[in-house]
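>>> Quick one: sequence plus predicted model below, questions after.
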Amino acid sequence: MSRIVTFRGLMADLEVETILLQTNNGLTGYKINKFQMMPETPGQTEFKFVMQIFKTEPTTAASANIDFSDNRLLAAAEVEDHNHSYYPHSGTAIVFDREIFNQDIYITLKDIITGGSCNYYLELEQMDLSLDEQTVATLKDIRNVQ
């Protein structure tokens, strides 16, 4: 049986936040159900945020470059507003929802324009893993270390 666990927070530009999920036996798995972001001051400042979620801790600072071929990437989202009535607020989020993981995950934020802060909301589906599923998830995480 699965249950939903949620996380939310406010991140500063270039911040990397760790979501602690690791357990002693690794028999608890997760997958992302929902990933949303909202600027700290919507409509008041110009911004272009890029937020990404990774299976392993990034080895470099948060970046605005998104690479879907990176097998460590679980989700990516962007939102922007340019304080002009002719340029409406826009954003998108893409979640690789078939990815199951059993270790900590890492969220990064990059503001391309002002270096501001942004909120996030993350909804994970928690599930019990069999020993075989646990082994596969753990080995995938080990292989993803660069």
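Done, it's in.

>>> Please count neighbours and contacts with C-alpha atoms only from this point.
OK.

>>> what sits against the most centrally placed residue in the chain?
What sits nearest the mean C-alpha location of the chain, by C-alpha atoms, centre = their mean, is I53, with 2.6 Å. Taking C-alpha atoms under 8 Å, 6 or more residues apart in numbering, we find I53 in contact with 73-76, 105-108.

>>> same thing with L20?
Here L20 is in contact with 103-105 (criterion: C-alpha under 8 Å, 6+ apart).

>>> can you rerun that using 10 Å?
Contacts for L20 were tallied using C-alpha atoms under 10 Å, 6 or more residues apart in numbering; they are 103-106.

>>> Can you pick out the most distant pair from the residues you listed?
Across those, no pair lies farther apart than Q103 and Y106, at 10.0 Å, counting by C-alpha to C-alpha.

>>> Please enumerate the shared neighbours of these two.
Taking C-alpha under 10 Å, 6+ apart as the contact rule, Q103 and Y106 both touch 19-20, 55-56.

>>> Who wins on neighbours among those residues?
Compared across these, K55 has the highest neighbour count, 24 neighbours, by other C-alpha atoms under 10 Å.

>>> quick one: pLDDT of that residue?
Per-residue confidence (pLDDT) for K55: 92.

>>> Stretch 98-113: which residues count as buried?
The neighbour-count check on stretch 98-113 (16 or more other C-alpha atoms under 10 Å) flags 99-111 as buried.

>>> do stretch 11-24 as well
11-17.

>>> Averaged pLDDT, that stretch. What do you get?
Mean predicted lDDT for stretch 11-24 stands at 93.

>>> Return the distance of it from the chain's centre.
With C-alpha atoms, centre = their mean, to the nearest Å as the basis, stretch 11-24 stands 9 Å off its chain's centre.

>>> How about stretch 47-64?
8 Å.

>>> Show the end-to-end separation of that stretch, please.
Terminal residues of stretch 47-64 are spaced 13 Å apart (C-alpha to C-alpha, to the nearest Å).

>>> In that stretch, which residues are buried?
47-58, 62-64.

>>> picking that back up, could you work out the most separated pair of the buried residues of stretch 11-24?
D13 and E17 (11.2 Å).

>>> what residues are up against G26?
101-103, 128-131, 133-135, 137-138.

>>> what about burial for the residues you listed, which qualify?
Listed as buried from those are 101-103, 128-129, 133-134, 137-138; burial here means 16+ other C-alpha under 10 Å.
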